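Student: one predicted model, sequence on top.
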Amino acid sequence: MPSTPTRPDFKNKRLVVLGATGRLGAILRNQWTTDAVRWQARTQKAGFHCVDILNDPKALSALCAGADSILCLAGVTKGDPLALQHNTDLALAAIAAADGIRVFLASSAAVYGAGGANLRETDAVTPVSPYGQAKLAMEQAALATGAPVTCLRIGNVAGADAILGGWHSRMALDTDPDGRTPRRSYIGPQALARTLAHVITADAPPPVLHIAAPGIVEMGALLDAAALPWRATAPTGPVLWDVGLNTDALALLAPFAPQDSTAAGIVADWHHARDPK
């Protein structure tokens, strides 16, 4: 599948990826083959640096020393308020260890709550879910430090999502009277790695930035493109029909090919990332 290239200077950048054992970390490890990246894990694993982010600040500072930037993917997605508070704790620990190095924090479109078809980074954020509230609290605490921070509000990533990555034989999607399924901002795994490489090596990334391919795609269209069966269901309650992230700011930093935004292109990216042969 054709794609735009990674920034030529990315392979020479010294990057630390915190929380590298999750789904996004696995995607990036498959795509970023440069030895300049240090991958962090909480437990001993081959190819990872074992550091407890919250309980070993000295080791964390040593890991981050000499890096050009830090990408913090570490976070908590569910649990009680105390568990979700760790999203802020992890972000602040990364910022403290960075000691002036720019930190990129993985946030979420969940901060927008009720959603919308063309959300901008400057729009009001009113998260509804505890997870969205925790991510917004993380962003606010991180930006309040005054340190160089970029909060990455990442859209759905193909393969790390609930639709393609979480598909099962009984998959059902809410459908409106016109036969449309919910629409979301998406990005393929290869496009994600390429886009983050551009953003991380940008000269002056903004404090908040969306990470997604341009446009918005129906969940049903993705499953159809992947030849994965699903059934339509009538909604039994409120449905978040659109969560679309405007990517005008991202377009100033990273290029996209036309197929990056189509259901077929996103699925092809996903398949190729899983089986590059």
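Tutor: That came through fine.

Student: which residues of the stretch 101-250 of the chain score low on pLDDT?
Tutor: Nowhere does the stretch 101-250 of the chain drop to pLDDT under 70.

Student: can you give me the strands in it?
Tutor: Here the stretch 101-250 of the chain has its strands, by DSSP state E, counting those that start in this stretch, at 102-108, 116-119, 149-154, 156-157, 172-174, 183-184, 186-187, 208-211, 217-218, 231-233, 242-245.

Student: closest to R29 out of the ones you listed?
Tutor: Of all the strands of the stretch 101-250 of the chain, it is strand 156-157 that lies closest to R29, at 14.0 Å by C-beta to C-beta. C-beta here means a position set from N, CA and C on the backbone, and glycine is covered the same way.

Student: that older thread, can you say which of the strands of the stretch 101-250 of the chain is packed in most?
Tutor: For the strands of the stretch 101-250 of the chain, the largest average neighbour count (mean count of other C-beta atoms under 10 Å) is found in strand 186-187, namely a mean of 30.

Student: just how off-centre is that one within its chain?
Tutor: Computed by C-alpha atoms, centre = their mean, to the nearest Å, the chain-centroid distance of strand 186-187 equals 9 Å.

Student: partner strands of it, with direction?
Tutor: strand 156-157 (parallel) (DSSP bridges).

Student: export the strands of the stretch 101-250 of the chain to a markdown table and tack on distance to Q133?
Tutor: Listed next are the strands of the stretch 101-250 of the chain as a markdown table, based on distance: least, C-beta to C-beta, whole Å:
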| stretch | distance to Q133 |
| --- | --- |
| strand 102-108 | 11 |
| strand 116-119 | 17 |
| strand 149-154 | 14 |
| strand 156-157 | 20 |
| strand 172-174 | 24 |
| strand 183-184 | 20 |
| strand 186-187 | 24 |
| strand 208-211 | 16 |
| strand 217-218 | 27 |
| strand 231-233 | 28 |
| strand 242-245 | 16 |
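
Student: can you tell me which of those comes nearest to I53?
Tutor: I53 sits nearest to strand 102-108 of all the strands of the stretch 101-250 of the chain, at 12.2 Å, using C-beta to C-beta.

Student: just want the angle from that closest one to strand 149-154.
Tutor: Orientation of strand 102-108 against strand 149-154 (axes from the mean of the first three to the mean of the last three C-alpha atoms, to 10 degrees) gives an angle of 30 degrees.

Student: check the offset of strand 102-108 from the chain's centre.
Tutor: How far strand 102-108 lies from its chain's middle: 9 Å, per C-alpha atoms, centre = their mean.

Student: that one - contacts with which helices or strands?
Tutor: strand 69-72, helix 86-98, helix 130-144, strand 149-154, helix 189-200 (3 or more C-beta pairs under 8 Å, 6 or more residues apart in numbering; DSSP states H and E).

Student: by contact count, what packs against the shortest one?
Tutor: Packing contacts for strand 69-72, counted by 3+ C-beta pairs under 8 Å, 6+ apart, involve strand 15-18, helix 86-98, strand 102-108, helix 189-200.

Student: of all the strands of the stretch 101-250 of the chain, which one is nearest H49?
Tutor: Here strand 102-108 is closest among those (C-beta to C-beta), at 16.8 Å.

Student: thinking again about what came up before, tell me which of the strands of the stretch 101-250 of the chain sits nearest to D275.
Tutor: For D275, the closest of the strands of the stretch 101-250 of the chain is strand 156-157, at 17.3 Å, according to C-beta to C-beta.

Student: got a list of what C72 touches?
Tutor: L18, G19, L90, A91, A94, V103, F104, L105, A106 (C-beta atoms under 8 Å, 6 or more residues apart in numbering).

Student: for it, give its distance to T233.
Tutor: Distance, C72 to T233, using C-beta to C-beta, to the nearest Å: 37 Å.

Student: now swap in T247 and tell me
Tutor: Distance from T247 to T233, counting by C-beta to C-beta: 30 Å.

Student: that older thread, out of the helices and strands packed on strand 102-108, deepest packed?
Tutor: Greatest average neighbour count among the helices and strands packed on strand 102-108 goes to strand 69-72 (a mean of 26), per mean count of other C-beta under 10 Å.
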